[in-house]
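A.B. asks: Here's my sequence, what's the structure:
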Amino acid sequence: MISRQISDDEQARIAALGRYGILDTPAEAEFDRITALAARLFRVPTVAIVLVDAERCWSKSRYGMPLPPAPRALAFSNLAIGGPDVLVVPDAALEARFAANPLVTREPPLRFYAAAPICTSDGYAIGCLELCDYKPRELSSAEREMLANLSAVVMDELELRATAGRGRDEASTAVAG
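C.D. replies: Alright, predicted model coming up:
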């Protein structure tokens, strides 16, 4: 019963992500500005807006390093969408769930990870805004709040695009009708 409930929720989450038509689209300045701003605000070398579909984690915007689509099973983002709160991993090398991850064992090794889920108005976490650093660190409660607010800005941008798309579709239908 519980696994069925999780499966149903996951299908709805994937459908929510699909509503935005954002997967596999080119880089866009609106999102790139958010990742560049976050890198400066938090003084981290890498920031990404990551969307999580059924099988992979895909970066809509990246600042600092290329992040090819990653299998969901290996991606930190997969954990970040598991709840409404900001996920902070002060030193990934010291946590058993991350220590063997290729991002942690490669050079330079990822140490710090923080992510705020990107949540739809109906409560689905479709991705996250994530910060990465090559040295261990923490986030203050004020920084966690800033990260959550920037993640909400990403969602606002997605909603604006969806609303504008619906407006164009409605206008086309009215003209054709």
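A.B. asks: Show the low-confidence segments of this structure, by residue range.
C.D. replies: For the chain, the stretches with pLDDT under 70 are 1-8, 67-68, 166-177.
A.B. asks: just the helices in the protein please.
C.D. replies: Assigned by DSSP state H, the helices in the chain fall at 2-18, 29-42, 77-80, 102-105, 141-176.
A.B. asks: Could you report the neighbour count for residue 74?
C.D. replies: Neighbours of residue 74 under the rule other Cβ atoms under 10 Å: 13. C-betas here are computed from N, CA, C, even on glycine.
A.B. asks: so who does it touch?
C.D. replies: Residue 74 sits next to 101-103 when contact means Cβ atoms under 8 Å, 6 or more residues apart in numbering.
A.B. asks: change it to 10 Å
C.D. replies: Contacts for residue 74 (Cβ atoms under 10 Å, 6 or more residues apart in numbering) come out as 56-57, 101-103.
A.B. asks: Between those residues, which sits nearest residue 29?
C.D. replies: residue 57 (22.2 Å; Cβ to Cβ).
A.B. asks: which residues does the nearest residue to residue 75 once chain neighbours are set aside bridge with?
C.D. replies: Closest residue to residue 75 apart from its sequence neighbours, by Cβ to Cβ, 6 or more residues apart in numbering: residue 57 at 3.9 Å. Using DSSP bridges, the bridge partners assigned to residue 57 are residue 52, residue 70.
A.B. asks: State the distance from the residue most central in space within the chain to residue 147.
C.D. replies: For the chain, the residue nearest the mean C-alpha position is residue 128 (2.0 Å; Cα atoms, centre = their mean). Distance of residue 128 to residue 147, computed by Cβ to Cβ, to the nearest Å: 10 Å.
A.B. asks: Now the common contact residues for these two.
C.D. replies: Joint contacts of residue 128 and residue 147 (Cβ under 10 Å, 6+ apart) are 86-87, 114-116.
A.B. asks: out of the residues you listed, which are inside strands?
C.D. replies: 87, 114-116 (DSSP state E).
A.B. asks: Mind putting the residues you listed into TSV with distance to residue 72 and neighbour count?
C.D. replies: Conversion of these to TSV gives the following (distance: Cβ to Cβ, whole Å; neighbours: other Cβ atoms under 10 Å):
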residue	distance to residue 72	neighbour count
87	15	20
114	19	26
115	14	24
116	18	27
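A.B. asks: Return the member of these nearest to residue 40.
C.D. replies: Top of the list for closeness to residue 40, among these and by Cβ to Cβ, is residue 114 at 15.3 Å.
A.B. asks: Identify the residues contacting residue 56.
C.D. replies: Here residue 56 is in contact with 23, 50, 68-75, 77-78 (Cβ under 10 Å, 6+ apart).
A.B. asks: swap that for residue 9, please
C.D. replies: Counting by Cβ under 10 Å, 6+ apart, residue 9 touches 123-124.
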